[in-house]
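> generate a structure from the sequence data that follows.
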Amino acid sequence: MSASDNVLVRVSGVDRVFHRGSEDIHVLQNLDMEVRSGEFLALMGPSGSGKSTLLNMIGGLDRPTKGTVTIGGDSINALSDRELAAWRSRHIGFVFQLYNLLPTLTAEKNVELPLLLTPLTKAERNRHVEAALTVVGLAHRTRHFPRQLSGGEQQRVGIARAIVADPTILLCDEPTGDLDRKAGDEILALLQALHREQGKTIIMVTHDPHASHRADRTLYLNKGQLTTEMSE
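Now for the predicted structure:
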């Protein structure tokens, strides 16, 4: 799933309009963006600027009002809902600010969830889960429930869940936003390791310049448009 020019993500002429009563809210306007395979990109901007909306469109959770989103040559906004769900399970790993772990499942069972949609056997799933938890440094915490883990450990479980199916892209929405600086730095170091050592393509929404400095490149979103410099 690689593009010949090494551009993995291409967002072209995208508008996203939300309707609130009789009012049209233009969140994204004629937006263009390219992300190369193996790149670590940070997206910054004020609250309500559309960062998460853009991330959700790249991940196939939302559709543009106008324009196209192409991932590795696949125009994903042309897919049906069923096709899009199948595509997303193969190619996208999500990391959320609030972890989104199921409290009644252990770490290993939370990580296994994306694999339940695949034809892997239970033994194969177990091997994938063990490998993912080892990568994030939690091989010793597999049987622990979320309430028994620190915030940083819960986010590591979230990252393990995101990488367990070896997705094409990791989409991280404020992955350190609920953590203290030390735990946040550990998560950022882990994302950098996944990028540098495993070649993962990562797109990270953040409000924190400290976090954005870990990325290869930072783009700023304001008033529906992307720039390479922060607006005053």
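> remind me which residues of this structure are low pLDDT?
Counting by pLDDT under 70, the low-confidence segments of the chain come to 1-5, 229-232.
> quick one: the helices in it, in order.
51-58, 81-91, 107-112, 122-135, 151-163, 181-198, 209-212 (DSSP state H).
> among those, which is nearest residue 44?
The minimum distance between residue 44 and these falls on helix 209-212, with 5.6 Å, by CB to CB. For the C-beta atoms, the positions are set from N, CA and C on the backbone; glycine is no exception.
> residue 186 versus the closest residue to residue 10 other than its chain neighbours, what's the distance?
Taking CB to CB, 6 or more residues apart in numbering as the measure, residue 10 lies nearest to residue 70, with 4.5 Å between them; neighbours along the chain are not counted. With distances defined as CB to CB, to the nearest Å, the gap from residue 70 to residue 186 amounts to 34 Å.
> run a quick neighbour tally on residue 122.
Burial measure for residue 122: 9 neighbouring residues, criterion other CB atoms under 10 Å.
> contact partners for the residue nearest to the spatial centre of the chain?
Closest to where the C-alpha atoms of the chain average out (CA atoms, centre = their mean) is residue 171, at 1.1 Å. With contact taken as CB atoms under 8 Å, 6 or more residues apart in numbering, residue 171 is in contact with 55, 58-59, 92-95, 202-203.
> do residue 195 as well
Residues touching residue 195, when contacts are defined by CB under 8 Å, 6+ apart, comprise 38, 40, 201-202, 216.
> picking up where we left off before, farthest-apart pair in the contacts of residue 171, please.
By the measure CB to CB, these have their two most distant members at 58 and 95, which lie 13.5 Å apart.
> more neighbours, those two?
Comparing residue 58 with residue 95 by other CB under 10 Å, the one with more neighbours is residue 95, at 24 against 21.
> quick check, that one in contact with residue 155.
Yes - contact criterion CB atoms under 8 Å: residue 95 and residue 155 qualify, at 7.5 Å.
> and for those two, which residues touch both?
Common neighbours of residue 95 and residue 155 are listed as residue 175 (criterion: CB under 8 Å, 6+ apart).
> near residue 121, how many other residues are there?
The number of residues near residue 121, taken as other CB under 10 Å, comes to 9.
> so how far is residue 115 from it?
Counting by CB to CB, the gap from residue 121 to residue 115 is 10 Å.
> do the same with residue 223
For residue 223, the distance to residue 115 equals 41 Å [CB to CB].
> who's more crowded, the two?
Shown here are residue 223 and residue 115; by other CB under 10 Å, residue 115 has more neighbours (20 against 14).
> I'd say that one and residue 127 touch.
No - look at residue 115 against residue 127 with CB under 8 Å: they stay out of range, at 10.2 Å.
> was I right about residue 93 contacting residue 165?
Yes - using CB under 8 Å, residue 93 makes contact with residue 165 at a distance of 7.1 Å.
> between the two, who's got more neighbours?
For residue 93 versus residue 165, neighbours defined as other CB under 10 Å are more numerous around residue 93 (26 against 19).
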